[in-house]
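Colleague: below are the sequence and a predicted model for it; my questions follow.
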Amino acid sequence: MKKLSTYLFLIFFSFSSFSFSNDISEFEMEGISIGDSLLDHLSKEEIINEIETNKPSYNYLNDDFGEVYWFGNFENYSHLSFMVKPKDKHYKIYMIKGSNPYDDKLEECFAKQKKIENDFSSMFDNAEKHKGSFEFDWDPTGESVTHNVGFFFKSGDYFEINCTKYKKSLKIKNGWKDSLQVIMSTKEISDWFNNPI
């Protein structure tokens, strides 16, 4: 299993020589991989409660997936979140996101994002790189924005490094923080996001 982690926002892998495949499930974040069951880490009740709590953030999409946040004692991230299918009794993981807050210092986030981008560029030379900034659909004011660098494989699976900035009133209301996010995800999640109701 290949470890995907950020320590002081630098990328290290638990191997020295590796020809990178398109199989994203071969990587892990905080010991967790795509395809694992979230029940190995959280109870069914915790998962269901998180999915219900986070539904409003995805009210422009169908209910095929739900997001589960986990604020644990992690080595490299302040928290993790996962995308799972609410109707899947095993709660197979389709996306893992590790986040670290940057406290309204967007330029610092960009500097860390650039460092990780450079590391990924040299390691994922078989992936297509895309950059872009996008407004979140659930904020009609357009003040909540994500600045993304994505590495997309032929399979459609991908890694992203994002700097997110939320509208101030939403941060106060929901307890959100602007953050640097490292994401590994399957094509299914990308397709879901790209097909609003």
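Modeller: Perfect, thanks for sending it.

Colleague: count of residues packed around Ile189?
Modeller: The number of residues packed around Ile189, counting by other CB atoms under 10 Å, is 19. Every residue, glycine included, has its C-beta placed from N, CA and C.

Colleague: average pLDDT for the helix or strand where it lies, rounded please.
Modeller: Using DSSP states H and E, the element containing Ile189 is helix 187-193. Taken as a whole, helix 187-193 carries a mean pLDDT of 94.

Colleague: and the longest helix along the chain, what's its mean pLDDT?
Modeller: Looking across the chain with DSSP state H, the single longest helix is helix 106-123. In this model, helix 106-123 has an average pLDDT of 92.

Colleague: and what of stretch 78-94?
Modeller: On average, stretch 78-94 scores 97.

Colleague: in that stretch, what counts as buried?
Modeller: Of the residues in stretch 78-94, His79, Leu80, Ser81, Phe82, Met83, Val84, Lys85, Tyr91, Lys92, Ile93, Tyr94 count as buried by neighbour count, 16 or more other CB atoms under 10 Å.

Colleague: now do the same end-to-end measure for it.
Modeller: One end of stretch 78-94 sits 20 Å from the other (CA to CA, to the nearest Å).

Colleague: did I read that right, Ser155 in a strand?
Modeller: No. Applying DSSP: H, G, I helix; E, B strand; the rest coil, one finds Ser155 to be coil, outside a strand.

Colleague: residues near Ser155, how many?
Modeller: 12.

Colleague: need the pLDDT of it.
Modeller: Reported pLDDT for Ser155: 91.

Colleague: okay, strands next: where are they in the chain?
Modeller: For the chain, strands defined by DSSP state E occupy the ranges 2-3, 5-7, 10-12, 27-28, 66-70, 79-84, 95-101, 128-135, 145-152, 158-165, 179-185.

Colleague: re the thing from before, which of the buried residues of stretch 78-94 lies closest to Thr146?
Modeller: Here the nearest of these to Thr146, counting by CB to CB, is Ser81; it sits at 14.0 Å.

Colleague: list the contacts of that closest one.
Modeller: Glu67, Val68, Tyr69, Trp70, Ile96, Lys97, Ser99 (CB atoms under 8 Å, 6 or more residues apart in numbering).

Colleague: do the same with Asn59
Modeller: Trp138.

Colleague: and the gap between it and Ser169?
Modeller: 18 Å (CB to CB, to the nearest Å).

Colleague: flag the shaky bits of the chain, pLDDT-wise.
Modeller: Applying pLDDT under 70 to the chain flags the ranges 1-22.

Colleague: ok, now with 50
Modeller: Residues of the chain meeting the criterion pLDDT under 50: 1-21.

Colleague: need the buried residues of stretch 78-94 in JSON lines with distance to Ser185, can you?
Modeller: Shown next, in JSON lines, are the buried residues of stretch 78-94 (distance: CB to CB, whole Å):
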{"residue": "His79", "distance to Ser185": "17"}
{"residue": "Leu80", "distance to Ser185": "13"}
{"residue": "Ser81", "distance to Ser185": "11"}
{"residue": "Phe82", "distance to Ser185": "10"}
{"residue": "Met83", "distance to Ser185": "7"}
{"residue": "Val84", "distance to Ser185": "12"}
{"residue": "Lys85", "distance to Ser185": "14"}
{"residue": "Tyr91", "distance to Ser185": "16"}
{"residue": "Lys92", "distance to Ser185": "13"}
{"residue": "Ile93", "distance to Ser185": "10"}
{"residue": "Tyr94", "distance to Ser185": "7"}
